[in-house]
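Undergrad: can you look at this prediction? I've put the sequence above it.
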Amino acid sequence: MQIYLPIAEVSVNAFLLLGLGGIVGILSGMFGVGGGFLMTPLLFFIGIPPAVAVATEAVQIVASSFSGVLAHLRRKSVDLRMGTVLLIGGLIGAALGVVLFNYLKSLGQVDLLVKLCYVVFLGIIGGLMFIESWRAIRRSKTPGAPPVRRKHGLVHALPLKMKFRVSGLYISVIPPVIVGLCVGVLAAIMGVGGGFIMVPAMIYLLGMPTKVVIGTSLFQIIFVTAFTTMLHATTNFTVDIVLAVLLLVGGVIGAQIGTRIGVKMKAEQLRILLAIMVLVVCGKLALDLLLVPTELYSLGTEGGH
Amino acid sequence: MLRLLSLLVLLALPAHSEEIVIGLSRDEVAITANFDGSDVMIFGAVKREAPAPDNGDLEVIITLAGPSESVLVRRKERRLGIWVNTDAVEVDAAPSFYAVATSAPFRETLSEVEDLRYGISIPRVIRSVGAPADVANSETFTEALIRIRAAAGLYQILDNGIDIEEETLFRGQIALPAALTEGDYVARIFITRNGMVVDEYETSIAVYKAGLERWLYEMSRNQPFWYGIMSLAIAISAGWLASAAFRMFQR
């Protein structure tokens, strides 16, 4: 069934979009990532103009993250207090990121920078996560090995300590604010919610338990992407609501299924799967930069990226 | 005396010995939610005061052009091992859609000179003032634009796409793709003999969004804030609905 999208001005197959939304929704519920880093390239591929794809993707992420968070709230696996602290940092970071993005755009070559950002960050994060979770899986297979104790480093020496009951942490608020801020900057430059950076940062930098991380990440993604949706809708007029509805119907159902799958899996299995997914996307983007393109020329209107 | 005679001869010849009378299957195309492309049938007749001249066959050319806009064409080059956009050329005006249908192979129906004068073939309708001096092979950018749009079905060449009967009646059909932009689409009909244009006729087809498509498009432009809020409200309620539905399902 073909549907004409009023803002994107292209005609697309409705069932294809429902399916795409569903798959990305499942991943979102399982891993606590928004799925923007997967969905945006897929939308480019089926011929949606890039500016519309990026803006509309944000609406779908709001829907699937909200659906996912409700499922996690019932399981009490959302640290609302930590989420709020991260969010404060995140919004400040996002504002800084937009300023930085516009500055880079005035210099030109912002496209390339975004792609390089993707390759570098996806590569580093995916690689480190893969190694860590691979070791964790091997360790769990050899019984009797002592569990690694959490290090009491710099994170615990800082002032402004706060209790995060759900995460079982008593740490300073400074590291989460900084983590949120950095992720916010990157998210704004790369045009995504930042879940795939936030999740590993919460696990490895803040030492939060994997199960809590997913719900908390989704919680803060809702607000960040709602903010970007409004920004795109009011400045670029590129949010296509028909496209969003088609994607989010699949997305919200997928998120519910994903959450249920995630609960049944072991933390290190979840981490290694996320790492593999991140590495696959990274590899694909790297190939695009390295291989000879089939069409050397591309069309665009001025200002679009 | 000679001058008067030549004037009389000129007056005796009608401005057009043959004229076009035209009909369209539709003079507007409404884009609704389930719009999946549309066919436009253009038909007409050649009106003559005198018997048809016998210098060459009558040929018909029909063009249909969407609204023109400037397009930025970028070229990738390998720098430090990776492929990046380097040179860019702005093509000043290129139609968003363009189809040329002819009653015979294109070059048989129209001479190069007449093509230049009336701007009929695809390269002739695209206007490019010039590339920056530092860009090499700037004409390849226009070629690339035509190649990419032709591959997307936006630029069509329909040789032998028009039927002519009895040197009088003609009929052609142009398929509009699903990915259309709004605006006035200009249809031009030419009749030619020996590659020279005998008469031309121009009319337009209005292509516009209708119904829900129109309403959403207008709202996104006129009330962007409320449009954004509406999008978020839909997203939040869909998220809640799915969660509630799944909980019911599990009990």
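TA: In hand now; what should we look at?
Undergrad: tell me the mean pLDDT over stretch A:274-289?
TA: Mean pLDDT, computed over stretch A:274-289, is 84.
Undergrad: please identify the buried residues of that stretch?
TA: Residues A:274-275, A:277-279, A:281-282, A:285-286, A:289 are the ones in stretch A:274-289 that count as buried (16 or more other C-beta atoms under 10 Å in any protein chain shown). All C-beta atoms are positioned from the backbone trio N, CA, C, and that covers glycine.
Undergrad: pick the one among those residues closest to B:Trp226.
TA: A:Val281 (35.0 Å; C-beta to C-beta).
Undergrad: tell me where the model's unsure across chain B.
TA: Across chain B, the ranges flagged by pLDDT under 70 are B:1-16, B:130-136, B:251.
Undergrad: where do the strands sit along it?
TA: B:18-24, B:28-31, B:38-48, B:58-65, B:68-79, B:82-95, B:98-102, B:155-158, B:162-165, B:169-176, B:183-193, B:196-209 (DSSP state E).
Undergrad: using a markdown table, lay out those together with mean neighbour count.
TA: Below are these laid out as a markdown table (neighbours: other C-beta atoms under 10 Å in any protein chain shown):
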| stretch | mean neighbour count |
| --- | --- |
| strand B:18-24 | 16 |
| strand B:28-31 | 18 |
| strand B:38-48 | 17 |
| strand B:58-65 | 23 |
| strand B:68-79 | 17 |
| strand B:82-95 | 18 |
| strand B:98-102 | 25 |
| strand B:155-158 | 18 |
| strand B:162-165 | 16 |
| strand B:169-176 | 19 |
| strand B:183-193 | 21 |
| strand B:196-209 | 16 |
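Undergrad: now those as a markdown table including distance to chain A?
TA: What follows is the strands of chain B, written out as a markdown table (distance: least, C-beta to the nearest C-beta, whole Å):
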| stretch | distance to chain A |
| --- | --- |
| strand B:18-24 | 22 |
| strand B:28-31 | 6 |
| strand B:38-48 | 11 |
| strand B:58-65 | 17 |
| strand B:68-79 | 5 |
| strand B:82-95 | 4 |
| strand B:98-102 | 14 |
| strand B:155-158 | 12 |
| strand B:162-165 | 27 |
| strand B:169-176 | 11 |
| strand B:183-193 | 11 |
| strand B:196-209 | 6 |
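Undergrad: tell me, which of the buried residues of stretch A:274-289 make contact with chain B?
TA: Among these, the residues lying close to chain B (C-beta under 8 Å from any C-beta of the partner chain) are A:Leu289.
Undergrad: distance to A:Ala53 and secondary structure for the buried residues of stretch A:274-289 - can I get that in CSV?
TA: CSV is the format used below for those (distance: C-beta to C-beta, whole Å; DSSP: H, G, I helix; E, B strand; the rest coil):
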residue, distance to A:Ala53, secondary structure
A:Leu274, 23, helix
A:Ala275, 25, helix
A:Met277, 19, helix
A:Val278, 20, helix
A:Leu279, 23, helix
A:Val281, 15, helix
A:Cys282, 19, helix
A:Leu285, 15, helix
A:Ala286, 21, helix
A:Leu289, 19, helix
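Undergrad: among the buried residues of stretch A:274-289, which one sits closest to chain B?
TA: Within the buried residues of stretch A:274-289, proximity to chain B (C-beta to the nearest C-beta) peaks at A:Leu289, which comes in at 4.3 Å.
Undergrad: many thanks, we can stop here.
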